[in-house]
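>>> attaching a predicted model along with its sequence, questions to come.
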Number of protein chains: 2
Amino acid sequence: MRQAGRYLPEYRRVRARAGSFLDLCYTPELAVEVTLQPIRRYAFDAAILFSDILVVPDALGVPVSFIEGRGPVLEPVRRSEDIERLQPARLAEHLDPVYRTVAMLADALPEPVALIGFAGAPWTLAAYVVEGESTRDFAMTRRMARTEPDLFARLIDLLSDATIAHLSAQIEAGAQAVQLFDSWAGILPETEFERWCVLPLKTIARTLHERHPEVPVIVFPRGAGFGYRRFADERSIAALGLDPTVPLEDARRMLGHRCLQGNLDPVALLAGGQAMFDEIDRIVRTLSGTPFVFNLGHGVMPETDPDHVAALVERVREPAASRTRDG
Amino acid sequence: MRQAGRYLPEYRRVRARAGSFLDLCYTPELAVEVTLQPIRRYAFDAAILFSDILVVPDALGVPVSFIEGRGPVLEPVRRSEDIERLQPARLAEHLDPVYRTVAMLADALPEPVALIGFAGAPWTLAAYVVEGESTRDFAMTRRMARTEPDLFARLIDLLSDATIAHLSAQIEAGAQAVQLFDSWAGILPETEFERWCVLPLKTIARTLHERHPEVPVIVFPRGAGFGYRRFADERSIAALGLDPTVPLEDARRMLGHRCLQGNLDPVALLAGGQAMFDEIDRIVRTLSGTPFVFNLGHGVMPETDPDHVAALVERVREPAASRTRDG
């Protein structure tokens, strides 16, 4: 929610000056500018790096392009030869502009504003590189995971290592917290969830926690449902992001001893008004008493009125006592 | 899982003779033939009508076509005028070929084989008619439900009434059980789940149960996760279908007193072999002792080897005692 995006006119102006979407991610001056936009407009307590989870496959040598109205399109990685062709050695140099962006932001951000770096989780990155685009049910990826588990594990391991390298470099450049987005965790069947979602996320979190114990690692396994429970006692994970489908009472019960983050429905933000205030109040009320970061349960929708975000921020910051049903 | 589909060569031969996919659904001789194919091949204990959930919008006057490689495409219903243009009075006549198919099947099926009719749930039908196609996140539908709840409720109510009429007519023609598919239940946020998924399904189930108390109503709210709990004590629902993401231990805990149906991952069926047997055994073992119908957690994937289905049926029918790890 703290990331700039198409809902902001100032973002759209900068976006129009960059060539492609990835050019924007790889041009430090522009990426810094758009990262700072929501901070200037809303005085957020934290800035999240402007980037994309697909810079990692792009850096590994999988050509990625973003096509208006269709989303990302990638050269699919499906066979053993495709995996062998990936170039982990290229990562640091290819993503150097991202790390320069992080360093410039660490200098530019006013004091109490924290800088959050991020990356995609291996399962979600694998889903994109295997399908070659965002499909409805990622059937090809789920099929490869079941029918060629050793081959798929090689892809997941390679993406895990790349993700560790990418997040470590962001931390070394000045990121004060990092978040892992497993956007497609929710499509994994019960018996595949541990191997392809939980284990890679824990491996990454543990490695980062060992290297940088002072940097909180936030994990967002979107749509995990009952699977959230499997992260309940992992101490290398500092906070868990909740999506809007998780009932908050269940989240409290399963994870009330952990720091939670979420989970306003972006559609409630789009709608605005009293319905939005009611949802905000319910979240704050239910999760007050647990360590908690107010956030959306998914990204801001492009059609969202920027004034709704301002109203949200004001509402969340109101002392609980003055928060009444009539807003 | 008991429905014919592209994985069967005999289905593909009949499909090639019909013009469009909907022509196949609306030609009783052909629809009867493909409904019977899996019964002949596998001696299933039940036949599910060959049809599609989108025959209901089609009957209401929303033009539907099925485009190879893209899925269903519909004339979108988004404004008040679009809803007013829907023609519930057309339903019975337009869907008469479906009811003739049911009647012919009721005559044709050998004695112990039950005939199951079905329909889409209002939320899922609304998702298709609002978007006009199957999108990744049905954002337009979720937006309409939040920002124009009264208008959206009119659409849901109209679809609920049409679904009741459609299922009643199937029962009157000879269906011995009916199933409601809420394929997109899983995208509803916590606070919207009750209104758009649970209430319409309960309304339909109660009405059908009053009219036809002898006919079991099966409800499949795919991806409902924690939301399955909300159906736990609804007596008008005879059985609940589980998708492959629900941990079976949670299903037992929440719903162990109800008849459950599911939940083999269709990708495990596609993969076949020992991994498939292990999954089958786990499901049978965990749910034995509760009333239970073995089924897939979603449809058979088109690339599935028909021999895998035969191996599945044999495995499920094996007495538990002879089911060993080495298959």
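Nice, I can see it.
>>> show me what residue of the stretch 51-200 of chain A gets nearest to chain B.
Closest contact between the stretch 51-200 of chain A and chain B, by C-beta to the nearest C-beta, is at A:Pro189 (3.6 Å). C-beta coordinates here come from the backbone N, C-alpha and C atoms, glycine included.
>>> which ones are touching the residue nearest to that residue when sequence neighbours are not counted?
Leaving aside its sequence neighbours, A:Pro189 sits nearest to B:Pro244 (C-beta to C-beta, 6 or more residues apart in numbering or on different chains; 3.6 Å). With contacts defined as C-beta atoms under 8 Å, 6 or more residues apart in numbering or on different chains, B:Pro244 is in contact with A:Pro189, A:Glu190, B:Gly262, B:Asn263, B:Leu264, B:Asp265, B:Pro266, B:Gly297, B:His298.
>>> list of residues touching the host helix or strand of the fourth one?
Right, B:Asn263. Applying DSSP states H and E as the criterion places B:Asn263 in strand B:259-264. Contact with strand B:259-264 is made by B:1, B:218, B:220, B:238-244, B:246, B:248, B:251, B:276, B:279-280, B:283, B:287, B:290-297, B:312, as judged by C-beta under 8 Å, 6+ apart.
>>> adjacent strands (with direction) for that strand?
With DSSP bridges as the test, strand B:259-264 is paired with strand B:239-241 (parallel), strand B:292-296 (parallel).
>>> identify each buried residue in it, please.
Of the residues in strand B:259-264, B:Leu260, B:Gln261, B:Gly262, B:Asn263, B:Leu264 count as buried by neighbour count, 16 or more other C-beta atoms under 10 Å in any protein chain shown.
>>> swap in stretch A:134-148?
Residues of stretch A:134-148 classed as buried: A:134, A:137-148 (neighbour count, 16+ other C-beta under 10 Å).
>>> need the residues of the stretch 201-327 of chain A near chain B, please.
A:223, A:225-227, A:244-248, A:250, A:265, A:267-268, A:270-271, A:275, A:279, A:282, A:297, A:301, A:303 (C-beta under 8 Å from any C-beta of the partner chain).
>>> 7 Å instead?
Contact residues (C-beta under 7 Å from any C-beta of the partner chain) of the stretch 201-327 of chain A with chain B: A:225-226, A:244-248, A:250, A:265, A:267-268, A:270-271, A:275, A:279, A:301.
>>> please apply the same query to the stretch 1-150 of chain A.
Contact residues, the stretch 1-150 of chain A versus chain B (C-beta under 7 Å from any C-beta): A:Ser134, A:Arg136, A:Ala139, A:Arg142, A:Arg143, A:Arg146, A:Thr147.
>>> which element is the fourth one on?
A:Arg142 belongs to helix A:139-147 when elements are defined using DSSP H and E.
>>> check which helices and strands the next helix-or-strand element following that helix sits against.
Once helix A:139-147 ends, the next helix or strand along the chain (criterion: DSSP H and E) is helix A:149-173. Judged by 3 or more C-beta pairs under 7 Å, 6 or more residues apart in numbering or on different chains; DSSP states H and E, helix A:149-173 is in contact with helix A:55-59, helix A:80-84, helix A:91-94, helix A:96-108, strand A:114-120, helix A:122-131, strand A:177-182, helix A:199-211.
>>> next one: helix A:149-173 to chain centre, how far?
15 Å (C-alpha atoms, centre = their mean, to the nearest Å).
>>> buried residues of that helix, list them for me.
Buried residues in helix A:149-173 (16+ other C-beta under 10 Å): A:149, A:151-152, A:155-156, A:158-171, A:173.
>>> give me the low-pLDDT residue ranges for chain A?
Applying pLDDT under 70 to chain A picks out residues A:320-327.
>>> 50 instead, please
Along chain A, segments meeting pLDDT under 50 span A:325-327.
>>> on that earlier part again, closest to A:Pro319 out of the buried residues of stretch A:134-148?
Of all these, A:Pro319 sits closest to A:Ser134, with 41.4 Å by C-beta to C-beta.
>>> wait, that closest one touches A:Arg70, no?
No: using C-beta atoms under 7 Å, A:Ser134 is not in contact with A:Arg70; the gap is 8.6 Å.
>>> partner residues bridging the residue most central in space within chain A?
Centroid check for chain A by C-alpha atoms, centre = their mean gives A:Phe181 as the closest residue, at 3.8 Å. Beta-bridge partners for A:Phe181, by DSSP bridges, are A:Gly120, A:Phe220.
>>> which residues are in contact with it?
Applying C-beta atoms under 7 Å, 6 or more residues apart in numbering or on different chains to A:Phe181 gives the contacts A:Ile53, A:Phe118, A:Gly120, A:Ala121, A:Thr124, A:Phe220.
>>> what of A:Ile53?
Per C-beta under 7 Å, 6+ apart, neighbours of A:Ile53: A:Ala119, A:Gly120, A:Thr124, A:Leu125, A:Phe181.
>>> is it in a helix, a strand, or coil?
Per DSSP: H, G, I helix; E, B strand; the rest coil, the local secondary structure of A:Ile53 is coil.
>>> quick one on the thing from earlier: looking at the helices and strands packed on helix A:149-173, which is closest to A:Asp233?
Using C-beta to C-beta, the nearest of the helices and strands packed on helix A:149-173 to A:Asp233 is helix A:199-211, at 10.6 Å.
>>> which helices and strands does the closest one pack with?
Using 3+ C-beta pairs under 7 Å, 6+ apart: helix A:199-211 touches helix A:149-173, strand A:177-182, strand A:217-221.
>>> ok and it relative to strand A:217-221, angle-wise?
For helix A:199-211 against strand A:217-221, the angle by axes from the mean of the first three to the mean of the last three C-alpha atoms, to 10 degrees is 170 degrees.
>>> what sits up against helix A:199-211?
A:121-123, A:156, A:160, A:163-164, A:167-168, A:178, A:180, A:182, A:215, A:217, A:219, A:221, A:234, A:236-237.
>>> how about it: buried residues?
A:Leu199, A:Pro200, A:Leu201, A:Lys202, A:Thr203, A:Ile204, A:Ala205, A:Arg206, A:Thr207, A:Leu208, A:His209.
>>> what angle do helix A:149-173 and that helix make with each other?
30 degrees.
>>> send me helix A:199-211 as PDB with only the CA atoms.
C-alpha atoms of helix A:199-211 as PDB (Å, rounded to 0.1, in the frame of the first residue of the first chain):
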ATOM      1  CA  LEU A 199      10.300 -24.300   3.000                       C
ATOM      2  CA  PRO A 200      11.700 -21.800   0.500                       C
ATOM      3  CA  LEU A 201      10.400 -18.900   2.500                       C
ATOM      4  CA  LYS A 202      11.800 -20.200   5.700                       C
ATOM      5  CA  THR A 203      15.200 -21.000   4.000                       C
ATOM      6  CA  ILE A 204      15.400 -17.400   2.700                       C
ATOM      7  CA  ALA A 205      14.200 -15.900   6.000                       C
ATOM      8  CA  ARG A 206      16.700 -17.900   8.100                       C
ATOM      9  CA  THR A 207      19.600 -17.100   5.900                       C
ATOM     10  CA  LEU A 208      18.800 -13.400   5.900                       C
ATOM     11  CA  HIS A 209      18.200 -13.400   9.600                       C
ATOM     12  CA  GLU A 210      21.600 -15.000  10.200                       C
ATOM     13  CA  ARG A 211      23.400 -12.500   8.000                       C
END
